[in-house]
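J.: Need the 3D shape of this:
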Amino acid sequence: MQTTTIIGAGISGLCTAIVLQEAGYPVCIYTKEKPQATTSAIAAAIWMPFIAEPREQVNQWSRRSYEVYAEQAQREPAAGVHMVDFLVLTPTDAPLSWESAVPAGTVRRAAAAELPPDYQHGYKVLVPMIETPIYLRYLLDRYARNGGRIVQQKIDSLADFVAKQGLVINCSGLGAAALCDDEEMYPVQGQIVGVAPMEGLPYIADDEGPNRLAYVLPRQDVIILGGTAVVKATSTVPQAAISEAILARCQRLVPALKEARILHSKVGLRPARSRIRLEADPTLNVIHNYGHGGSGYTVSWGCAETTATLAIERINRSI
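T.: Next comes the predicted model:
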């Protein structure tokens, strides 16, 4: 059986590769950057749809990913996934736009005593928290055990590459702007601050309120504080003033962070698009799966399964 080639070794490429492998199809990944150097390695990676459209499909893909993560949290402790109570602060009591993406009974209105000062509304949601250093290692190990290879190589021409490789799955993220001449792709810059672990901190986020954009996401190795979402900014160099502002916003949500010890600041570029491109290319032997914005981990397994289905249909037609 001919090997299917995947471009991109971030969360989308790795999940898609594993779904195909475990359906019986050999895979090889080509990537410009090693997985540990991709945007996926910087991501805060709590499950929550963010900067991704179309909403209905995103919720469906997110729901499937939620199911996979929840099972991993229960059965695969080495994966680094935990189910956590996440306090999502909201400006009104309107339902969450992604409530349909979580199982019934996992969302409730936050009690007044659970809210920070100056907040009247919020929801407590049970969601997966993915510890990216652990999870990427887990995926790489699983991919390798299934016989997968990774080739570090920059692809300059998609058409030329397809002519040499056969079926290609394009999970190139922001690289798709040049690779596919896709003018709809654009970066959304995100800066985070990492502080030393502290006991007893909540998982909390304010996307729309007085401290937007602020989130506090404790991990074993670091507490991730965020963040920013600057459309079309391209720098990956952290700015000290932005880190100070992030820290101040997060301290207003969680005053205990005033005692936090700063470890680092990092910047990543989310691969955003007007809508996720997940489709079979009409002119090339390519299946596209990119443009996930700030929802790469959240939609990862759902998009991977849909992509694999399209790929298998192409493979079967060529046999």
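J.: List the buried residues in the longest helix along the chain.
T.: Of all the elements of type helix in the chain, the one with the most residues (DSSP state H) is helix 296-318. Across helix 296-318, burial judged by 16 or more other CB atoms under 10 Å covers 296-308, 310-312, 314-315. Any C-beta I mention is one placed from the backbone N, CA and C, and that applies to glycine too.
J.: what's the answer for stretch 6-25, then?
T.: Quick answer for stretch 6-25 (16+ other CB under 10 Å): 6-21, 25.
J.: so of those residues, which ones are in helices?
T.: Using DSSP H, those in helices are Ile11, Ser12, Gly13, Leu14, Cys15, Thr16, Ala17, Ile18, Val19, Leu20, Gln21.
J.: who does the helix or strand hosting Ala144 touch, helix- and strand-wise?
T.: Assigned by DSSP states H and E, Ala144 belongs to helix 132-145. Helix 132-145 sits against helix 11-21, helix 39-42, with contacts defined as 3 or more CB pairs under 8 Å, 6 or more residues apart in numbering; DSSP states H and E.
J.: For whichever helix or strand comes after that helix, which strands pair with it and how are they oriented?
T.: Once the chain leaves helix 132-145, the next helix or strand it forms, by DSSP H and E, is strand 149-152. The strands that strand 149-152 pairs with in its sheet are strand 27-31 (parallel) (by DSSP bridges).
J.: buried stuff in the partner strand?
T.: Val27, Ile29, Tyr30, Thr31.
J.: what's the angle from it to helix 11-21?
T.: 170 degrees (axes from the mean of the first three to the mean of the last three CA atoms, to 10 degrees).
J.: pLDDT of strand 27-31, averaged?
T.: Averaging pLDDT along strand 27-31 yields 98.
J.: doesn't Arg314 make contact with Leu20?
T.: No: taking contacts as CB atoms under 8 Å, Leu20 lies outside contact range of Arg314: 11.6 Å.
J.: Please enumerate the helices of the protein.
T.: Using DSSP H, helices in the chain cover 11-21, 39-42, 55-75, 132-145, 158-165, 176-179, 240-253, 296-318.
J.: ok, how many other residues are close to Tyr143?
T.: Residue neighbour count, defined by other CB atoms under 10 Å, stands at 22 for Tyr143.
J.: wouldn't it be in contact with Ile18 here?
T.: Yes: the pair Tyr143 / Ile18 is scored as a contact, 5.8 Å apart, by CB under 8 Å.
J.: so where's the protein uncertain?
T.: The chain contains residues with pLDDT under 70 at 319.
J.: switch to 90 and redo it
T.: Counting by pLDDT under 90, the chain contains low-confidence ranges at 1-2, 34-37, 44, 316-319.
J.: Tell me who's in contact with Leu96.
T.: Val88, Thr90, Val107, Tyr123, Val125 (CB atoms under 8 Å, 6 or more residues apart in numbering).
J.: For the first one, list each beta-bridge partner.
T.: With DSSP bridges as the criterion, the beta-bridge partners of Val88 are Tyr123, Ala205.
J.: Next one: it relative to Val127, how far apart?
T.: 9 Å (CB to CB, to the nearest Å).
J.: Now do the shared contacts for the two.
T.: With CB under 8 Å, 6+ apart as the test, Val88 and Val127 both reach Met48.
J.: Roughly how far does the residue lying closest to Asp182 once chain neighbours are set aside sit from Gly293?
T.: Nearest non-adjacent residue to Asp182, counting by CB to CB, 6 or more residues apart in numbering: Ala176, 5.3 Å away. Separation of Ala176 from Gly293 (CB to CB): 13 Å.
J.: again, but for Leu174
T.: 10 Å.
J.: Overlap in contacts, these two.
T.: What both Leu174 and Gly293 touch, as defined by CB under 8 Å, 6+ apart, is the set Pro271.
J.: So what's the residue count around Asp118?
T.: Neighbour number of Asp118 under other CB under 10 Å is 11.
J.: For it, which non-adjacent residue is spatially closest?
T.: What sits nearest to Asp118 in space, not counting adjacent residues and going by CB to CB, 6+ apart, is Pro210, at 6.0 Å.
J.: list the contacts for the closest residue to Ser265 other than its chain neighbours?
T.: Excluding its sequence neighbours, the residue lying closest to Ser265 (CB to CB, 6+ apart) is Pro238, at 3.7 Å. Pro238 makes contact with Gln191, Ser265, Lys266, Val267, according to CB under 8 Å, 6+ apart.
J.: What subset of the residues you listed is buried?
T.: Gln191, Ser265, Val267.
J.: which ones among these are found in strands?
T.: Gln191, Ser265, Val267 (DSSP state E).
J.: Among those residues, which one lies nearest to Glu114?
T.: Gln191 (27.7 Å; CB to CB).
J.: isn't that closest one right up against Gln239?
T.: Yes: contact criterion CB under 8 Å: Gln191 and Gln239 qualify, at 6.9 Å.
J.: returning to that earlier point: can you redo the contacts of Leu96 as CSV with distance to Ile276 and neighbour count?
T.: Listed next are those as CSV, based on distance: CB to CB, whole Å; neighbours: other CB atoms under 10 Å:
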residue, distance to Ile276, neighbour count
Val88, 22, 22
Thr90, 24, 21
Val107, 24, 18
Tyr123, 25, 17
Val125, 22, 21
